[in-house]
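> What shape does this take:
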Amino acid sequence: MTYNQNHNRIGRSWKEEPLKFGVIIVTYNRLALLKECVSCVLSQTEPFSNICIVDNHSSDGTAGWLKNLPASFRAETDSCTGPFFDICRLKENLGGAGGFAYGMKRLSATDCDWILIIDDDAMIAPDYIAELKKAILSHEYLAYSGTVTTKGAIDTSHRRFLKCPTFMFYEPVPEASYGTPSFEYDISTFCGLLVKASLVREIGLPKTEYFIWFDDTEYCMRFRSRSRILNVNTAVLNHRTAPPGDAPTVSWKNYYGFRNAIDIGKTYSRHPFLYMAYIILNHLAHIVLDSLLALLGNQPAMRRYRAGIYKAVLKGLRQTPNGICKDYLPGSGKRI
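A predicted model of the protein is given here:
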């Protein structure tokens, strides 16, 4: 008996009727990537019944392209059938968290059984859904995922174990596990995560107040007691982004990462007081270390910028995340 056979009964059995899959794509000012992403979505051997694309108020021509997408698809395929397109243009940039929440709300109100969550830079292989469907028919998890690759190499950062529930330490699933047919784990990013629609209706939507980063971690923590996640290693997607080692050391995004991670610790740590004591000491130590190293000429710009982020996070420690911060707007500050 699997871990989930005692935990995961929500709604009708999905093995009794044909499954319907929906997908959410959140996009912002990356039209070229979006076009490739949509092409991958439309090329699935197990087709989607619903495609929800959430445009976070792009200014690069995305809106015009999306407006014509349904008609273009019908013309190119010479068909009156196919997926239902739900094109949503938001009035402002709500970040990944807001975009995913908006799309999940819309798709969970349809007759879809399963909802795939991706950004516009996730290129799913043609058999991605077909491979996950095989697992669904032989297991009873509430969430599934596939293997994330970046520039041809497995990116283990997207699938993680929760190693210390007190201090909220996470550890990537080792690459050796990808040599097996599948593995179960605790925390996934929204890069290729497939969740049961009835689960979304029951536990709600991602926290829009996070804006970006850790909205997916919090969501997985929310349903962790009901189901772990099964990664199906034969379902593969290409994440068209910089590998972790090539990404900037620090940017405006780190503010949201630090802030939101603390909110998760406050909520889910087994010992919140110990967790908060650790966070305060950790952040103070980083401020002192970065300030000293900046004075010594060791990457002074990056050190001062990061120390400022730690200070800002500590200043707002008693507050809950409240969306976008005016001091750390998208694209602001340094990418070092």
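
> any idea where the strands of this structure begin and end?
Counting by DSSP state E, residue ranges of the strands within the chain are 21-27, 50-55, 84-89, 114-119, 122-124, 143-150, 153-154, 159-164, 169-172, 182-185, 187-188, 193-196, 229-239.

> Let me have these in TSV, adding mean neighbour count as columns.
Just so you know, the C-beta spots here come from the backbone N, C-alpha and C atoms, and that holds for glycine as well. Rendered in TSV, the data for the strands of the chain read as follows (neighbours: other C-beta atoms under 10 Å):
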stretch	mean neighbour count
strand 21-27	25
strand 50-55	24
strand 84-89	15
strand 114-119	26
strand 122-124	23
strand 143-150	24
strand 153-154	14
strand 159-164	18
strand 169-172	14
strand 182-185	19
strand 187-188	24
strand 193-196	26
strand 229-239	22
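
> Let's have those in JSON lines, adding mean pLDDT and distance to residue 105.
Rendered in JSON lines, the data for the strands of the chain read as follows (pLDDT from 0 to 100; distance: least, C-beta to C-beta, whole Å):
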{"stretch": "strand 21-27", "mean pLDDT": "98", "distance to residue 105": "10"}
{"stretch": "strand 50-55", "mean pLDDT": "98", "distance to residue 105": "10"}
{"stretch": "strand 84-89", "mean pLDDT": "97", "distance to residue 105": "10"}
{"stretch": "strand 114-119", "mean pLDDT": "98", "distance to residue 105": "11"}
{"stretch": "strand 122-124", "mean pLDDT": "98", "distance to residue 105": "20"}
{"stretch": "strand 143-150", "mean pLDDT": "98", "distance to residue 105": "18"}
{"stretch": "strand 153-154", "mean pLDDT": "96", "distance to residue 105": "32"}
{"stretch": "strand 159-164", "mean pLDDT": "98", "distance to residue 105": "26"}
{"stretch": "strand 169-172", "mean pLDDT": "98", "distance to residue 105": "27"}
{"stretch": "strand 182-185", "mean pLDDT": "98", "distance to residue 105": "26"}
{"stretch": "strand 187-188", "mean pLDDT": "98", "distance to residue 105": "20"}
{"stretch": "strand 193-196", "mean pLDDT": "98", "distance to residue 105": "13"}
{"stretch": "strand 229-239", "mean pLDDT": "98", "distance to residue 105": "21"}
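
> where are the low-confidence patches of the stretch 1-150 of the chain?
The stretch 1-150 of the chain contains residues with pLDDT under 70 at 1-16, 78-81.

> in it, which spans are helices?
With DSSP state H, counting those that start in this stretch as the criterion, the stretch 1-150 of the chain has helices at 31-42, 62-77, 95-107, 128-138.

> Could you save those as JSON lines and add columns showing distance to residue 210 and mean neighbour count?
Formatted as JSON lines, the entries for these read as follows, by distance: least, C-beta to C-beta, whole Å; neighbours: other C-beta atoms under 10 Å:
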{"stretch": "helix 31-42", "distance to residue 210": "23", "mean neighbour count": "18"}
{"stretch": "helix 62-77", "distance to residue 210": "23", "mean neighbour count": "14"}
{"stretch": "helix 95-107", "distance to residue 210": "4", "mean neighbour count": "24"}
{"stretch": "helix 128-138", "distance to residue 210": "26", "mean neighbour count": "19"}
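
> For the residue nearest to residue 98 when sequence neighbours are not counted, list the residues it contacts.
Excluding its sequence neighbours, the residue lying closest to residue 98 (C-beta to C-beta, 6 or more residues apart in numbering) is residue 208, at 4.5 Å. Residues in contact with residue 208, defined by C-beta atoms under 8 Å, 6 or more residues apart in numbering, are 94, 95, 97, 98, 101, 323.

> Could you rerun that using 10 Å?
For residue 208, the set of contacting residues under the criterion of C-beta atoms under 10 Å, 6 or more residues apart in numbering consists of 94, 95, 97, 98, 99, 100, 101, 102, 215, 321, 323.

> Return the residues in contact with the fifth one.
Translated: residue 99. Neighbour list for residue 99: 24-28, 53-57, 88, 90, 93, 119, 190, 206, 208, 212, 215 [criterion: C-beta under 10 Å, 6+ apart].

> Recalculate using a threshold of 7 Å.
By C-beta atoms under 7 Å, 6 or more residues apart in numbering, the contact set of residue 99 is 26, 54, 56.

> Across the sheet, point out what pairs with the nearest residue to it once chain neighbours are set aside.
Closest residue to residue 99 apart from its sequence neighbours, by C-beta to C-beta, 6+ apart: residue 26 at 3.6 Å. Counting by DSSP bridges, residue 26 is bridged to residue 54, residue 119.
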